[in-house]
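Trainee: Fold the following.
(2 chains)
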Amino acid sequence: MVRVRFAPSPTGYLHIGGARTALFNWLWARKNKGVFVLRVEDTDQSRSTQESEQAILDSMKWLGLEWDEGPIVGGPHAPYFQMQRLPTYDRHAEAMIAKGKAYRCDCTKEELDRLRAEAAREKRGFKYPGTCRNKNLPRGTPGAVVRFRMPDEGATTFRDLVKGEITTQHKELQDEVILRADGVPLYNFGAVVDDIEMEITMVARGDDHVVNTPRQILMYQALEYAVPQFAHLPMILGADKQRLSKRHGAVSVLQYRDEGYLPGALVNYLVRLGWSHGDQEIFTIPELIEKFDWEHVGATAGVFNPQKLEWLNQQWIKATPPAELAKAAGVSPEFAALMQERARNLNEIRDAYRAYMVPELPAYDEKAVAKQLTPQSKPLLEEARALIDRTFAQGPQAMEHAFRTLAEQRGVGLGKLAQP
RNA sequence: GGCCCCAUCGUCUAGUGGCCUAGGACGGAGGCCUCUCACGCCUCAAACAUGGGUUCGAAUCCCGUUGGGGUCACCA
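Mentor: Numbering: from 1, shown residues only, chains lettered A, B, ... in the order given. Prediction:
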């Protein structure tokens, strides 16, 4: 049974990168008739907010990434909020200590910060010196955290589904803190314990977590549980090849919703950014579920291209049944049918509908003026005006005929006359 | 800086040793169609970072270089 998860921390809106991670997990679960778990990693109490959590849930729902276990829906491994799972982390931490795989440490943060600063000043790498490794501090030692005892020698190798084999020397690792004095776990430990408890079989997450993977594998082994498969998705970059962020424009999923994008179009774009199926560009959601595989997920970071997203949105709008489109845009079905061949987003349809309901005086488009109102078109326009004066009373058909005749006489296409 | 990862048109990518004169898509240029805007169609420009190997043969395999990214917390 395939069991995958998406584990966001509620410290901000769901951005494009997170959405893609969730999406790949969801696709894999659906393809394999497995389970998609949503877990909220809210252990950073200073940054976690209720609003962020809600925004993330709303974003997932809008994208259609429904979860089988998690907030609201619950499930056999509830609760799905880390702050409600503290006893579980304590239990596993104690098990590790009992096996000698972890130990309590009462070095103060200030002392460690001082050593770190000193190392930085001397341009040396800093690594926790192992001061408390053999102190055997008892449970209840004031201010004591729990540290994982990293092996001093050897190496850990794992086969990543997208990057292949990755090896890390243990001497590069340090005895990291896994549990704070107040019993709140740190990322690596919390994730491992929950993935064990929730029986996760494959972890697919952002590229920035590859360095965490060997440490986590070592923890699975210390806890004596099976290690899941790993797949690390390359980052999404901005046009300047820097990690995508607000300064590159819209990065929040909800923002795309508000700008009139169809969720399917965003999904289609996000999957194609980093995954391919031959030359195919447009996929329906069922097609994506059927065809998605890790084999064709690329190992290269990709630049987010808003223009291609917009094009895809347009394609999706064209392919959406008018009734459905009308509902999404908040206009009549007839109007949606009329607009779907030319709209790039839902907002354009809505705006056009409003303009249609409440007509305004036309404004000249500067680009069109520059293109059409040229010295060459001027004599034609003068003739056309005389033509209108002569034929206006005879009605539109007569006028059209007169225009066509004029264009023919002057040896130009109708467009050269009609457009100006 | 240490460690790790990555490297095909501007961008997303196909490509898994001969099918590659490197294909598709977005974007760009030009054209057709057209009452506008779109859609659609046609054409063009545009890439295997670099140096060594391996091989009869390399975009594809290996090594170096260069470049880019990630990460070095009692954040996740």
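Trainee: how about the residue of the stretch 101-250 of chain A found nearest RNA strand B, what does it touch?
Mentor: Closest approach between the stretch 101-250 of chain A and RNA strand B, counting by Cβ to the nearest atom of the strand: residue A:187, at 3.0 Å. Where C-beta positions appear, they are placed from N, C-alpha and C, glycine not excepted. By Cβ atoms under 8 Å, 6 or more residues apart in numbering, the contact list for residue A:187 reads A:41, A:43, A:212.
Trainee: The second one and RNA strand B, how far apart?
Mentor: Using Cβ to the nearest atom of the strand, to the nearest Å, one obtains 3 Å as the distance from residue A:43 to RNA strand B.
Trainee: So what's the residue count around residue A:326?
Mentor: 21 (other Cβ atoms under 10 Å).
Trainee: Same question for residue A:354.
Mentor: 11.
Trainee: May I have the phi/psi pair for residue A:86?
Mentor: Residue A:86 adopts backbone torsions of phi -50, psi -40, taken as degrees, to the nearest 10.
Trainee: from what I can see it touches residue A:179, true?
Mentor: No: the pair residue A:86 and residue A:179 fails to qualify as a contact (Cβ atoms under 8 Å) at a distance of 9.4 Å.
Trainee: The two: which has the busier surroundings?
Mentor: residue A:179 (27 against 16).
Trainee: Quick check: neighbours shared by residue A:86 and residue A:179?
Mentor: residue A:185.
Trainee: still on that earlier bit, which pLDDT value belongs to the residue of the stretch 101-250 of chain A closest to RNA strand B?
Mentor: Per-residue pLDDT puts residue A:187 at 98.
Trainee: thinking again about what came up before, tabulate the contacts of residue A:187 in CSV, adding columns for pLDDT.
Mentor: Shown next, in CSV, are the contacts of residue A:187 (pLDDT from 0 to 100):
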residue, pLDDT
A:41, 98
A:43, 97
A:212, 98
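Trainee: Mind checking which of the residues you listed land in helices?
Mentor: residue A:212 (DSSP state H).
Trainee: Out of the contacts of residue A:187, which comes closest to residue A:220?
Mentor: residue A:212 (12.3 Å; Cβ to Cβ).
Trainee: give me the number of residues near the closest one?
Mentor: Counted with other Cβ under 10 Å, residue A:212 comes out at 17.
Trainee: quick one: secondary structure of the closest residue to it other than its chain neighbours?
Mentor: Nearest residue to residue A:212 in three dimensions, chain neighbours excluded: residue A:188, at 5.6 Å (Cβ to Cβ, 6 or more residues apart in numbering). Under DSSP: H, G, I helix; E, B strand; the rest coil, residue A:188 falls in the helix class.
Trainee: just the one 5 residues further on next, same as before
Mentor: Going by three-state DSSP, the secondary structure assigned to residue A:193 is helix.
Trainee: thought it was touching residue A:87?
Mentor: No: Residue A:193 is beyond contact range of residue A:87, at 11.0 Å (criterion: Cβ under 8 Å).
Trainee: now the residue of the stretch 101-250 of chain A closest to RNA strand B: how far from residue A:176?
Mentor: Separation of residue A:187 from residue A:176 (Cβ to Cβ, to the nearest Å) stands at 10 Å.
Trainee: ok, and what's touching the host helix or strand of residue A:307?
Mentor: Using DSSP states H and E, residue A:307 falls within helix A:306-319. Contacting residues not belonging to helix A:306-319 are listed as A:249-250, A:260-262, A:264-266, A:268-269, A:281-282, A:325, A:340-341, A:343-346, A:349 [Cβ under 8 Å, 6+ apart].
Trainee: Any buried residues in it, and which?
Mentor: Using 16 or more other Cβ atoms under 10 Å as the test for burial, helix A:306-319 gives A:309, A:310, A:311, A:312, A:313, A:314, A:316, A:317.
Trainee: for the closest residue to residue A:248 other than its chain neighbours, what are its contacts?
Mentor: Leaving aside its chain neighbours, residue A:248 sits nearest to residue A:238 (3.4 Å; criterion: Cβ to Cβ, 6+ apart). By Cβ under 8 Å, 6+ apart, residue A:238 lies in contact with A:244, A:245, A:247, A:248, A:303, A:304.
Trainee: can we see that at 10 Å?
Mentor: Residues counted as contacts of residue A:238 (Cβ atoms under 10 Å, 6 or more residues apart in numbering) are A:244, A:245, A:246, A:247, A:248, A:249, A:251, A:303, A:304.
Trainee: separation between the fifth one and residue A:348?
Mentor: Pointing back at residue A:248 there. 23 Å.
Trainee: And residue A:21, by the same measure?
Mentor: 30 Å.
Trainee: Contact partners for the residue nearest to residue A:212?
Mentor: A:148, A:176, A:177, A:178, A:209, A:212, A:213, A:215, A:216, A:218, A:219.
Trainee: Return a PyMOL selection command for the buried portion of the contacts of helix A:306-319.
Mentor: Burial among the contacts of helix A:306-319 is assessed by 16+ other Cβ under 10 Å; the matching PyMOL selection reads:
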select buried, chain A and resi 250+260+261+262+264+265+266+268+269+325+340+343+345+346+349
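Trainee: if you count what's nearby, which of residue A:21 and residue A:348 comes out ahead?
Mentor: residue A:21 (23 against 16).
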